[in-house]
Each structure stands twice: as C-alpha cells, then as structure tokens.
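*Asks:* The following comprises the amino acid sequence and a computationally predicted model.
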Amino acid sequence: MNPTLLQRSPKNPVLTAESWPYRVNTVFNPGATLLPDGSTLLLCRVEDHRGLSHLCAARSADGIDGWTIDPEPTFAPDPLGHPEELWGVEDPRITFVPDLGRYVIVYTAFGKAGPGVAIATTEDFVSFDRIGLVMQSDDKDAALFPCRFGGEFALIHRPSNERGADIWISFSPDLQNWGGHAVLLPARLGAWWDSNKVGLSTPPILTDEGWLVLYHGVRRHASGSLYRVGLALFDAKNPAVCLRRGTGWVFGPSARYEIEGDVPYVVFPCGVTLRPDGDTLYIYYGASDTSVCLAVASVRELLAHLRDEGSELTGVAGMHFEQAILDTAP
Ligand code: BMA
C-alpha cells in the first residue's frame, strides 16, 4: 500500500455525533457534492438511538471545516409511502446529472426484504422526488454515472447472495426500468484483500484515461471484517469495459478513529469532490461506522499508481470472468 496516495486530513474526524444539532448515535458514510457556489454539501448517514438511519446535510465553504448542519433530518425514511425504508435509509451517493439539471441520490433502503437500492432526485437538498426502489434486496453500494451511454443511464451496484458479492452495472432509459445487467468487477478469491465481497465506494470519476472507480474490498477474519479501498479504471465511452484493476489496496484503517468505534476497522468512502485545480480529490469516508473523515488524493497520482501496479484487463463486464481473476493473480 502506498501511504501517500490518500492523505488523511489533520482535521479528522471532520464530523462526529457531537457536531450534530440534535441527539444522534453516529454520523458516517456521507455522499458529497459541490454546490454551484463552490461550497461542499455532505449528505451524511446519521444513526439514531434506535439504530435506524436517516440522511442529514452538512455544508462547508471549503469542504474541510466550518460545517453548518441542518437542524433536523434532511431526508428521513418514509416507511408508509415506501415500506422498503422501514428500517432506514443509508449510504447515499450523489451524482449531479447536467442533462436533468438535478442531483441524483442513490441510497440503500433497508426494509423487511433486506437492503435494496433506491433513487431520489433533488435540485436543492430541501425537497426530494423519490423514484423508489430500483434494485431489490440484497443490493447496495450504488451510484449513477453523470452522463448517458447510447442514450441510457448507467448504474453501478452490488447485489449479493450466499455465493458472494460482486460489483455489477445496469442500464436504464428513464432511471426506473433497469436492464443490461452485467458483472463489472468481481470479488477476488482466497486470501486476497478484496476476496468474497467488493462494493463501489464513491461515484465514478471521469479522467483523461477513463472512469476512475474507488471500491471497497472486505476481508473476513476470525474477529470480524476489514474494509479497505482499491482502484479500477473503466472505458470512458463504454463503462462496462474494465481497463485496469489495482493489485493492492490504497487505503485501509490505521488511524485511531478508524480502528475504534461502533464497527472497528472500517473505512467506507461514499462521497468525492474534484477541487477547482481539476486534480485534487476530497474523498469523504465513514470511519468505523462512527464519524465522517476526509482524505485528499491526486487524480494524476492515482492513475499513475494504477499504471504501475495494476493489471490490464480486457473484455466486457460479465465475460472472461474466470480470466479476470486469473489475470489479477500475482
Ligand atoms: C456495509 C454497509 C456500510 C457499513 C459497512 C461496515 O455492509 O452496511 O454501511 O459501513 O458494512 O459496517
């Protein structure tokens, strides 16, 4: 792991339960976006003392400190209108879609059937239009691409079952009806850091070399699970094509706030903003399912790292599945 690729902010954790204007248990896994005035909005997952989550917005001029937090939940579960949200809404990813002139929020809706993927849209983070559940359970870790491909929207998500949990891509003409499902990035096997379970971290980032994707890999061990972050690159015009996949993880729990908390040894990015220099990324992550933290990275350096130590992958998602695993073996 290259320790310099993602630099922890000295202000970490940037937001905690103590920052909140009302009583909460934990705040973590925030979606992020830049607003038209250049300020940063985080849509944080807030867990209350029942254990149920809602979303609450925090705004900051520089994306680092001076946060103003909504005085009450910004986006609360609607269990009557949307029973799939009975036990809460979690882990939002935000994509601004210029075509729609709206922010599209993709989140986990947790209901009796299990966690599924739901979509809501907003112009202002004050009023929201729900599209509702788009991927049935078990499915989570989803985000929308900001543009269409051949006229269709594309969604990354992570269905899971007893056989494992791989990252998939699906397409839709209208954000409601989804098809063209294909595996995008399979979990590796055996002892790998990303064996058994992988999931999208932040929404994909468009670079000169393609879509840069941060994803989390989970390694299960005797006393729990270890959540770390790795990189992959996908074709700019056809995001179902994986161009490169990193070998090792680039970020993992080591700071005190990442190894102590409600769920220790978890770093879980859901939000990213590209700073005005066009290279610096502010990556917002949940630490130990307890606080909101910030890590700073350079797109140029992440791409160079993928070139140096990643393996080249060819083939459309869902094809060459076994080959992809062999290709990435050491
Ligand atoms: C995942 C998600 C995340 C959580 C992580 C670690 O499955 O539920 O919300 O941060 O587990 O607990």
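*Replies:* Now that the structure is in, tell me what you want to look at. Numbers count the residues shown, from 1 in each chain.

*Asks:* Return whichever strand or helix holds residue 156 as PDB; C-alpha atoms alone will do.
*Replies:* Assigning secondary structure by DSSP states H and E places residue 156 in strand 153-161. What follows is strand 153-161, C-alpha atoms only, in PDB (Å, rounded to 0.1, in the frame of the first residue of the first chain):
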ATOM      1  CA  PHE A 153     -28.300   5.900 -17.800                       C
ATOM      2  CA  ALA A 154     -25.800   3.600 -16.100                       C
ATOM      3  CA  LEU A 155     -25.800   2.500 -12.500                       C
ATOM      4  CA  ILE A 156     -23.100   0.700 -10.600                       C
ATOM      5  CA  HIS A 157     -24.500  -1.500  -7.800                       C
ATOM      6  CA  ARG A 158     -23.600  -4.600  -5.700                       C
ATOM      7  CA  PRO A 159     -26.100  -7.400  -5.500                       C
ATOM      8  CA  SER A 160     -25.100 -10.100  -3.000                       C
ATOM      9  CA  ASN A 161     -26.200 -13.600  -2.100                       C
END
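
*Asks:* who's in contact with the helix or strand that that strand is followed by?
*Replies:* Later in the chain than strand 153-161, the nearest helix or strand by DSSP H and E is strand 164-165. Outside of strand 164-165, the residues within contact range by C-beta atoms under 8 Å, 6 or more residues apart in numbering are 158-159, 187, 196-199. C-betas here are computed from N, CA, C, even on glycine.

*Asks:* Mind giving me the packing neighbours of the next helix or strand after strand 164-165?
*Replies:* Where DSSP H and E defines the elements, the next helix or strand beyond strand 164-165 is strand 167-172. Under the contact definition 3 or more C-beta pairs under 8 Å, 6 or more residues apart in numbering; DSSP states H and E, strand 167-172 sits against strand 153-161, strand 179-185, strand 197-200.

*Asks:* Going by neighbour count, list what's buried in stretch 43-57.
*Replies:* 43-47, 52-57 (16 or more other C-beta atoms under 10 Å).
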